Structures are given as C-alpha cells and as structure tokens.
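Visitor: predicted structure and sequence below. I'll ask about it afterward.
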Amino acid sequence: MALAAPSWNRTVRHLRRYRHIMAVLMKYGFDELTDALRRKLAIRVGPRAVPARVRRDESVRSRPVRARLALQELGPTFIKLGQLLSTRPDMLPQEYIVELEKLQDDVPPEAFELIQAEIEKELGAPLADLFASFEHHAIAAGSIAQVYRAVTREGHIVAVKVRRPGIVQALRTECEILLELAGLLKAGLPRDETIDPVRMVREFTTAVEKEVDFTNERRNLERFQRGFADDPTIHVPGTFDAYCTDAVLTMEFIDGVKPSTRQAVASAGYDPTVVADRGAAFVLRQIFDLGFFHADPHPGNFFVLAGSVLAPLDFGQVAHLTAADRQMLADLVLAIVDQDASRLVSTFERSEMLDVGTDLHSLVADMEEMLQQYHGMPLREIPFNKLMMQTFELMRKHRVRPPAQFTLMLKSLMTIESLARALNPDFQIIEHLRPYARRLAWERADPRKFARQARRAMLEGIELAGKLPENLSALMRRLRSGQVQVHIRHEHLETLIFTLHLSANRISFALIIAGLLVGSSILVTQAGSIFGLVRTQTLGLAGYVTAALLGLWLVISILRGRHFEE
C-alpha cells in the first residue's frame, strides 16, 4: 500500500472528500487548519474546494475533545490515525493523548454473506467444506477485520479473523488524501513548529500496511511463540497455517478473563498481584531479551487463563528494537534512578535525538528541575507514568526527536504499568526495570565485549586506511570530470512551484490581452475587408470585446486569489 508523492490529479479526484474534511474541521473550530488548507487547495483547484459556511458545534469547549470528535466523525481511517497518535506522547501534549486514547472503532459488522464469500475466495473452498461449524455472529468487529468462532474439520476450536472486503483499497485512498493534506498543512506551518504532519502520516501508513496484512501478524505470532516457548506463565495462541492467507488468520480460540479490573480477576479465582507481575515481566522480556515487543499491551489484548497464565492477543502491531534502543532505555532508567540530568541529556545527544538549535544548558536545567521533584523519594514511590509524561513534555519543548520505536517502547511500559496498577495498587514498573537496566550496564562494561569492539574498530580502521588513497583518487577524478553533483532539497518548494505556475498563467493572459489590444487598434484604423468576408474594422472591434472579456476574467481571478491569501 505504498504511496506516491501528492499529485494535482489526485487532488481533483478526491475533492469531495477534501471538502468533507474541511467542513468537519470548520464545524469543530479548527480555523487555523482550514485556513491553511483553504489557501493551498484554492491555488490548485480554485475556490470551489472550500465548502459553504458550516454551522459550528458550540457544545464542546476543550480543544482536545473537539479533536477527538472530529476524528470520530471523519470515519475509521481517521479514528485509526488518532489511535496511533495516542501512542506518541513525543508528538502531542498529554491532554490530547488522554482524549485520543478514548477513540474506539465503532463500526457495524459486515454482512455475513460478504464475509463468507471473502473466506471462500481466500481459502479456495466452500465454507461448509472448510469448517465443521462456523458461527454467523461476529465475536469482535473492527474497521479492518471481524472475528468469528469456528470448529475445523479436525475438531479444533478456532478464532477466524477475516479482513473486511474492499478495505485495502479504501485505506489506500484515505491514506493518499491524508498524505496530500499533511503536505499542504506542513507548508503552512511556522518553521519552528515541532509537529511534522507528513512524518506522522507516513508512520501511520506504514502501521496500517502491517495491520491489514495478516501474513505479517501470523509471523509475529509465531515469533512470540518461539520467544516464550520456555515460559509457562505466558500462552501465545497457535495458528493453523492451512486456514491462513494475507486476508484470513485462523488461530487458537482463547477463552479466559479480561484483566480489566482487580475484582474481575479475583472473582475468577486468580491472584491479581501475580497477573500484574507477569504482565510486566512479559513486556520487559520482550524489550530487553527478544528485541521486539507488543506495541499495545492494554487490558483488551490479554486473557487470563487457569493458573494465572497470561494469553496475549492481537499481534498486528509489533515494534522492533536494536541493541542501541535497548541500551538507550537502560541509560534513561539509570539516569532517572540516579537523579542525573546531565547523563539523561547525554543519552539524547549520543543517540542523535537533539535538534540543531537545541539549547543544551537550558535542557539540562529543565531536566534537573524535573528530577528534583523526586529527590530523596523511595524508588517504589516514583510515579513512572507521570515522570515519563513530564519527560515527553520537555522533549517537545526542546525539540528532542526520539525514534518512533523508542517512544512506542516507553508508551508500552506506561500502558502495562497502568494495567498492573489496576490489579495491584502498589505496583511500580521502575522497580522491575532497574535490574534489566543494571544488567545491560554491566554487559556494556564487560572487558570481553570491549575487547571485541576494540578489535573490530581496529580492523575497520585498517581497512579504511587501506582504501583511503583509492577513494581520494576516485574523488579527484570526479572533480576533474565535473561529475560531482550537489542536491538541494527545499521543504516548501511545491507551494512555490504552484505559485509560479499561477503567476506565469496570468502573465501569459496579460500578454495575450495586450496583443489583442494592439492588433485591434491597428485593424480599426484600416479600411477594406479580409478576403471580402469580414471588414477589418469589425474584426478590430471583435478583438476589443475579446480583450475586454479576458481582462475582466483576469481581474476577477486576481481579486479572488487575494481573498484566499488573506
């Protein structure tokens, strides 16, 4: 579902959807967004891109609430965008994160006949031949897929996840629109704006591409099965490959208790404290040992089985970590535990997360002030979620740009802590984090590892030194032959091109009008006719009329353009 660059043709093709989006934004009072979009779209497709005056919804005052309602009204794709943004506190303030976390897919189930046809098309046989029984009522329905309970011919009780028919094309179209709007919006934002709409939409598109591909989810499931094969406290559902395609995922049916509240877990006969600890261990082992993790470990994605065993669900969104990501988290945790703001900022700097204009002295001062709030506080009493939200606020303020997977990792830790604290009010994730962080710190200080790194660096240095004369010679040859090229990228070049294109058109019309006026003035002073058919004076008068009409159109176009620029 890869997207091409925005094009004028797509803008025209999606005009009706753009008008609806702008109308919803106007309804909820996002005037600065609609003004930016209005100016840019008017350049491309004219004033008809702007919807008629829309009645404002004055019932809600809070801007984050209005943002949530607008996304909700714009439909499933925008709801999913909001859900993704709710996992990115490095991009949005906390009040927006809290509201966007409330977004839920509220989509009526697709007609079973359509789902049946999709299954039969994907698996290549009638439903009755594939399954011994298949319930017609969906046990879960989202904007991308629906889940049904069934029994295979071999007698296995399974959950069949089926992609909605036509959803891939629908999402592709919506993502094209989002990318186009993000480009228009970015061009109108101030240069010091920390939010990058295009980056957000591209990350969203990548996430959706993975979510609609059930082959990707099956691979994730199998990888988690291997990773936790030796852990009796975690049960990852098995898959049935013969019943799987990129649009159908058949897995083991899990019947357990949702760990949404302490009372729900205790009423089922399980120990909430044990479940909380196992949930934290599940996430921490993924991050520090396996190098990949479930990106959304909220209560709805778990079941508790007999023996307080945890069964995770929904593996469509899994993030991968490098050794550097894990080391960065360890440094972050140890800097917080040791109340060392300079070490915290050094971690950001070493990981190339700082903007060129970041004031390091100011950032260190703000970090020290934040950490001072927790000075002398026992580790188990430090509120990890609050501390992380404060850290993200300072990151946005000082233009610290963490990698997406690093932010998702911290957000996952915050989510699992919230789940664990709902089951055990005394739970603190930072106590569980510290042993992992200390272990990584010791591993980094291991003399054997240092020796390996030194040996590798020495070999790379020798190799580089050996190739240096050859590389310098190649560079000199390119310079002498004029083959060295310099590429310059201008972030707002698209808008400039459109403005120049519009100006060139107006100048061309002005020259045509001037030519008509000059030619007509010559003709009206001449007697005679052309080929005995038309008098020259008549042709001259016709030229005057044509020039007047074109001039009138040009004046209206200029005045209208000024109106949209104001």
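Guide: The structure has been received and is ready for your questions. Everything numeric here is computed off the predicted structure, so don't read it as measured data. Numbers count the residues shown, from 1 in each chain.
Visitor: so which residue is dead centre in the chain?
Guide: Centroid-nearest residue in the chain, with CA atoms, centre = their mean: residue 204, separated by 2.7 Å.
Visitor: surely that residue is in contact with residue 174?
Guide: No. Counting by CB atoms under 8 Å, residue 174 is not a contact partner of residue 204; they are 10.1 Å apart. Placement of C-beta: from N, CA and C, glycine included.
Visitor: low-confidence stretches in the stretch 251-400 of the chain?
Guide: For the stretch 251-400 of the chain, no stretch has pLDDT under 70.
Visitor: if we use 80, what do you get?
Guide: Applying pLDDT under 80 to the stretch 251-400 of the chain flags the ranges 296, 329, 333-334, 336-338, 351, 355-357, 375-381.
Visitor: all strands for it, in order.
Guide: 292-294, 302-305, 309-312, 318-320 (DSSP state E, counting those that start in this stretch).
Visitor: adding mean neighbour count, write these out as TSV.
Guide: Shown next, in TSV, are the strands of the stretch 251-400 of the chain (neighbours: other CB atoms under 10 Å):
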stretch	mean neighbour count
strand 292-294	22
strand 302-305	21
strand 309-312	20
strand 318-320	18
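Visitor: among the ones you listed, which is nearest residue 439?
Guide: Proximity to residue 439 (CB to CB) singles out strand 292-294 among the strands of the stretch 251-400 of the chain, at 17.2 Å.
Visitor: report all helices and strands that the host helix or strand of residue 180 contacts.
Guide: Per DSSP states H and E: residue 180 is located in helix 167-188. Counting contacts by 3 or more CB pairs under 8 Å, 6 or more residues apart in numbering; DSSP states H and E, helix 167-188 is packed against helix 8-13, helix 15-27, helix 31-45, helix 76-85, helix 197-212, helix 493-524.
Visitor: just to revisit the earlier point, and the residue nearest to the centre of the chain, how far is that from residue 178?
Guide: Residue 204 sits 7 Å away from residue 178, going by CB to CB, to the nearest Å.
Visitor: can you count the residues close to the residue lying closest to residue 300 once chain neighbours are set aside?
Guide: Closest residue to residue 300 apart from its sequence neighbours, by CB to CB, 6 or more residues apart in numbering: residue 258 at 6.8 Å. In terms of burial, residue 258 registers 14 neighbours under the definition other CB atoms under 10 Å.
Visitor: for residue 258, what are its contacts?
Guide: The contact partners of residue 258, by CB atoms under 8 Å, 6 or more residues apart in numbering, come to 264, 299, 300, 302, 303, 304.
Visitor: let me know the closest of those to residue 518.
Guide: residue 300 (75.3 Å).
Visitor: so who does residue 292 touch?
Guide: Residue 292 touches 223, 286, 318, 319, 320, 321, counting by CB under 8 Å, 6+ apart.
Visitor: residue 327 is in contact with the last one, correct?
Guide: No. Taking contacts as CB under 8 Å, residue 321 lies outside contact range of residue 327: 9.9 Å.
Visitor: which of the two has more neighbours?
Guide: Remark: of residue 321 and residue 327, residue 321 carries more neighbours, 22 against 19, as counted by other CB under 10 Å.
Visitor: tally up the residues packed near the closest residue to the more buried one other than its chain neighbours, please.
Guide: Distances taken as CB to CB, 6+ apart put residue 291 closest to residue 321, at 5.0 Å, once the chain neighbours are dropped. Neighbourhood size, residue 291 [other CB under 10 Å]: 15.
Visitor: ok, residue 19 next?
Guide: Neighbours of residue 19 (other CB under 10 Å): 16.
Visitor: so what's the residue count around residue 541?
Guide: Using other CB under 10 Å, residue 541 has 14 other residues around it.
Visitor: which residues in the stretch 301-450 of the chain form helices?
Guide: Using DSSP state H, counting those that start in this stretch, the helices of the stretch 301-450 of the chain run over residues 323-337, 341-350, 360-372, 384-397, 404-423, 429-444, 447-481.
Visitor: hmm, who's touching the third one?
Guide: Surrounding helix 360-372, the residues in contact under the criterion CB under 8 Å, 6+ apart are 336, 339-342, 344-345, 348-349, 354, 387, 390-391, 394, 397-398, 400.
Visitor: hmm, 10 Å instead?
Guide: For helix 360-372, contacts defined as CB atoms under 10 Å, 6 or more residues apart in numbering pick out 335-336, 338-346, 348-349, 354, 359, 375, 382, 387, 390-391, 393-395, 397-400.
Visitor: buried ones only from these, please, as a ChimeraX command.
Guide: In ChimeraX, this line selects whichever of the contacts of helix 360-372 come out buried by 16 or more other CB atoms under 10 Å:
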select :335,336,340,341,343,344,345,348,354,382,387,390,391,393,394,395,398,399,400
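Visitor: sorry, back to before: which one of the helices of the stretch 301-450 of the chain has the most crowded surroundings?
Guide: When those are scored by mean count of other CB atoms under 10 Å, the highest mean neighbour count falls to helix 404-423 (a mean of 21).
Visitor: quick check: the closest residue to residue 174 other than its chain neighbours vs residue 181, distance?
Guide: Nearest residue to residue 174, sequence neighbours excluded (CB to CB, 6+ apart): residue 77, at 3.8 Å. Separation of residue 77 from residue 181 (CB to CB) stands at 12 Å.
Visitor: look at the two and report which has more neighbours.
Guide: residue 181 (26 against 21).
Visitor: for that one, give me the pLDDT.
Guide: pLDDT for residue 181: 80.
Visitor: confirm for me that it is in contact with residue 20.
Guide: No. Under the criterion of CB atoms under 10 Å, residue 181 is not in contact with residue 20, lying 11.7 Å apart.
Visitor: out of the helices and strands packed on helix 167-188, the one nearest residue 414 is which?
Guide: Taking those one by one with CB to CB, helix 76-85 is closest: 15.0 Å.
Visitor: tell me what that closest one is packed against?
Guide: Under the contact definition 3 or more CB pairs under 10 Å, 6 or more residues apart in numbering; DSSP states H and E, helix 76-85 sits against helix 63-74, helix 94-100, helix 167-188, helix 197-212.
Visitor: out of the helices and strands in this protein, which is least certain?
Guide: The helix or strand of the chain with the poorest confidence is helix 8-13; it has a mean of 57 (mean pLDDT, DSSP states H and E).
Visitor: overlap of the contact sets of residue 204 and residue 174?
Guide: Taking CB under 10 Å, 6+ apart as the criterion, residue 204 and residue 174 both touch 77, 78, 80, 81.
Visitor: still on that earlier bit, a markdown table for the helices and strands packed on helix 76-85, including distance to residue 243?
Guide: Below are the helices and strands packed on helix 76-85 laid out as a markdown table (distance: least, CB to CB, whole Å):
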| stretch | distance to residue 243 |
| --- | --- |
| helix 63-74 | 34 |
| helix 94-100 | 35 |
| helix 167-188 | 20 |
| helix 197-212 | 18 |
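Visitor: worst average pLDDT in those helices?
Guide: Looking over the helices and strands packed on helix 76-85, mean pLDDT reaches its minimum on helix 167-188, with a mean of 83.
Visitor: ok, and for that one, which residues are buried?
Guide: Across helix 167-188, burial judged by 16+ other CB under 10 Å covers 167-168, 170-172, 174-188.
Visitor: what do you get for stretch 100-112?
Guide: Result for stretch 100-112 [16+ other CB under 10 Å]: buried residues 100, 101, 103, 110, 112.
Visitor: could you work out the end-to-end span of it for me?
Guide: With CA to CA, to the nearest Å as the measure, the ends of stretch 100-112 fall 31 Å from one another.
Visitor: stretch 247-261 now?
Guide: Stretch 247-261 stretches 33 Å from its first residue to its last (CA to CA).
Visitor: in it, what counts as buried?
Guide: Neighbour counts over stretch 247-261 (16+ other CB under 10 Å) mark 247, 248, 249, 250, 251, 252, 253, 254, 256, 257, 259 as buried.
Visitor: want to throw these into TSV with distance to residue 29?
Guide: Output for these, formatted as TSV (distance: CB to CB, whole Å):
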residue	distance to residue 29
247	40
248	43
249	41
250	46
251	44
252	48
253	46
254	44
256	44
257	43
259	39
